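Asks: Provided below are the primary sequence and the corresponding predicted coordinates.
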Amino acid sequence: MNEVFVNELLTPEEMGRADALAGNVEALMDAAGRAVARAILQRYRPCRVLVLAGPGNNGGDGIVAARYLALEGWPVRVLGLADASFADVQRAELVIDALFGAGLKRDVAGKAMELLQAARRIVAVDVPSGLDGATGQVRGYAPQAELTVTFFRKKPGHVLYPGRGLCGEILLRQIGMPEWVLDEIKAQAWENTPALFTLPRRTAEGHKYTAGDVTVLAGSLPGAARLACAAARRAGAGMVTLAAETAAVLPEAGLILRTDSLEMLLQDKRRHTWVVGPGLGIATAGEALARLLAVGGKTILADADALTACTGAPEKLCGATVITPHSGEFTRVFGEIGADRLAATRRAAARCGAVVVLKGADTVIAAPDGRAAINTNAPPYLATGGTGDVLAGLTAALLAQGMTPFEAACAGVWVHGEAANKAGPGLLAEDLPERIPEVMAALA
């Protein structure tokens, strides 16, 4: 029952199917309860423990955990919702929350909420009660756990906020569930990790044109486009062009500056990959996006102003390869995200036919065919101006080097987050490109 890293995410419904396929419920419950007890034994000193046990399998896991803790000499009580009192919970030094599982269909309120609110320290079985395992949203009320022990595979609710924060430390434990059940379930969601992608490698006989080209359109305020260019160059694109309105823009050495019109640039058939939107201006970005899409056959990453230019008209994005909206841009184009961030991103991808990267603390990447990944490695200090422009250039460079759109988006988001981790607190957007080669070299 050692912790292993696997990145498939199963919804509560899919996990229920896995349980049914595996059979042997008693053995799985025993292993799950033992895993909870072992996690507590490893992290806490002996103390008064109260198990709040619900009527389902979650409660059964809690009862088993109580038995194993008692065998180690810990003082343990098990109470159901009807029998537990506010005073019982207050007296306990540690509460094992085994009331409701991830597939809860109603809000937590009333006595259940009051009992959970009274707990001083909580270890949750599977999820904190009230947390929707499919969406990460709270059904009525969910407590803050110090530790959550889950089994076989994580659920989307473990990695989507606010659920990710409410779970505290998350331990994934294997309890003897056979791996073959995944072949039957055919999971379509993953935690975003390098297991989802293989970075491009240059060949010995390659040259700058075979390494991929990226053209970034810039407006009168080219700072955002320059950040995208810097990231694209550091991520391995052989040729990166900043297409600016004026030669007054002073690019760093090695960056190609062109002031030609879009029509002139399109005559160069080597220009396959384009970034349109960062700092371009809404009207200009909308016109440029429409022209690039009309030409056809281009790899297009649309961001920022190009997305705002499609407000209320997602059909204008059909033909783009990857789009990278933050929540505000997503809402302007596709409508309210709602409670299910994962489902909303999948719907948007299917609607416009592009890979959609819904940026945030829990960035969701979704492909038109339903595949999706949720990112977990981005630090909070990544939330600063210009970092989205870096992500756009980084992802475009991976596209230019031949990665598929879904893989390129997953890789771009993960490398972006890891570069921010290496830069550390106080990072500026312009710090990130310098960290990209280090992250990519470690993966290689």
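Replies: Nice, thanks for sending it over.

Asks: Where in this structure is the helix or strand with the lowest mean pLDDT?
Replies: Every helix and strand of the chain was ranked by mean pLDDT, DSSP states H and E. The lowest is strand 256-258, at a mean of 87.

Asks: Mind listing what's buried along that one?
Replies: By 16 or more other Cβ atoms under 10 Å, the buried positions in strand 256-258 come out as 257-258. Any C-beta I mention is one placed from the backbone N, CA and C, and that applies to glycine too.

Asks: Name the surrounding residues that touch the helix or strand following that strand.
Replies: Where DSSP states H and E defines the elements, the next helix or strand beyond strand 256-258 is helix 262-266. Helix 262-266 has contacts (Cβ atoms under 8 Å, 6 or more residues apart in numbering) with 215, 217, 241, 243, 258, 271, 288, 291-292, 295.

Asks: could you redo the last one with a cut-off of 6 Å?
Replies: For helix 262-266, the external contacting residues (Cβ atoms under 6 Å, 6 or more residues apart in numbering) are 243, 288, 291, 295.

Asks: what do you get for stretch 396-414?
Replies: 192, 196-197, 200, 212-214, 232, 235-237, 273, 275, 299, 301, 321-322, 355, 357, 363, 365, 367, 371, 373, 375, 391, 394-395.

Asks: Filter these down to the ones in strands?
Replies: If you go by DSSP state E, the contacts of stretch 396-414 have 213-214, 273, 275, 299, 301, 322, 355, 357, 365, 373 in strands.

Asks: okay, those in CSV with distance to residue 133 and pLDDT next?
Replies: Output for these, formatted as CSV (distance: Cβ to Cβ, whole Å; pLDDT from 0 to 100):
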residue, distance to residue 133, pLDDT
213, 44, 95
214, 40, 97
273, 38, 98
275, 37, 98
299, 36, 98
301, 33, 98
322, 29, 98
355, 25, 98
357, 23, 98
365, 20, 98
373, 17, 98
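
Asks: Which stretches in the stretch 101-250 of the chain count as strands?
Replies: Using DSSP state E, counting those that start in this stretch, the strands of the stretch 101-250 of the chain run over residues 122-125, 147-151, 169-173, 189-191, 213-217, 239-243.

Asks: and of those, who's closest to residue 27?
Replies: strand 147-151 (12.5 Å; Cβ to Cβ).

Asks: What strands flank that closest one, and is each parallel or antiparallel?
Replies: Using DSSP bridges, strand 147-151 pairs in its sheet with strand 122-125 (parallel), strand 169-173 (parallel).

Asks: returning to that earlier point: I'd like the ones in strands among the contacts of stretch 396-414 as JSON lines, with distance to residue 38 and neighbour count appended.
Replies: Shown next, in JSON lines, are these (distance: Cβ to Cβ, whole Å; neighbours: other Cβ atoms under 10 Å):
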{"residue": "213", "distance to residue 38": "54", "neighbour count": "24"}
{"residue": "214", "distance to residue 38": "50", "neighbour count": "32"}
{"residue": "273", "distance to residue 38": "50", "neighbour count": "25"}
{"residue": "275", "distance to residue 38": "50", "neighbour count": "36"}
{"residue": "299", "distance to residue 38": "49", "neighbour count": "21"}
{"residue": "301", "distance to residue 38": "46", "neighbour count": "36"}
{"residue": "322", "distance to residue 38": "43", "neighbour count": "27"}
{"residue": "355", "distance to residue 38": "40", "neighbour count": "29"}
{"residue": "357", "distance to residue 38": "38", "neighbour count": "30"}
{"residue": "365", "distance to residue 38": "34", "neighbour count": "32"}
{"residue": "373", "distance to residue 38": "30", "neighbour count": "29"}
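
Asks: Out of the contacts of helix 262-266, which end up buried?
Replies: Among the contacts of helix 262-266, those classed as buried by 16+ other Cβ under 10 Å are 243, 288.

Asks: Please state the offset of the least confident helix or strand of the chain from the chain centre?
Replies: 35 Å (Cα atoms, centre = their mean, to the nearest Å).

Asks: repeat for stretch 316-332
Replies: Per Cα atoms, centre = their mean, the centroid offset for stretch 316-332 relative to its chain is 17 Å.

Asks: what does it contact?
Replies: Applying Cβ under 6 Å, 6+ apart, the contact partners of stretch 316-332 are 293, 299-303, 307, 310-311, 352-359, 392, 405, 409.

Asks: Drop anything exposed from these.
Replies: Using 16+ other Cβ under 10 Å as the burial test, these include 293, 299-303, 307, 310, 352, 354-359, 392, 405, 409 as buried.

Asks: how about low-confidence regions in this structure?
Replies: Applying pLDDT under 70 to the chain flags the ranges 1-6, 247-251, 253.

Asks: What is the burial count for residue 199?
Replies: If you count neighbours by other Cβ atoms under 10 Å, residue 199 ends up with 19.

Asks: check contacts around it.
Replies: 440, 443.

Asks: ok, now residue 362?
Replies: 160-161, 374.

Asks: if you set the cut-off to 10 Å instead, what comes out?
Replies: Residues near residue 362 by Cβ atoms under 10 Å, 6 or more residues apart in numbering: 136, 156, 159-165, 192, 341-342, 374-376, 378.

Asks: between those residues, which is closest to residue 58?
Replies: In terms of Cβ to Cβ, no member of the contacts of residue 362 lies closer to residue 58 than residue 163, at 15.7 Å.

Asks: For residue 14, see how far away the closest one is.
Replies: 17 Å (Cβ to Cβ, to the nearest Å).

Asks: can you give me the angle the helix or strand hosting residue 20 makes with strand 147-151?
Replies: Element membership of residue 20 [criterion: DSSP H and E] is helix 12-22. Compare the direction of helix 12-22 with that of strand 147-151 by axes from the mean of the first three to the mean of the last three Cα atoms, to 10 degrees and you get 50 degrees.

Asks: If we go by neighbour counts, what in helix 12-22 is buried?
Replies: 12, 14-15, 18-19, 22.
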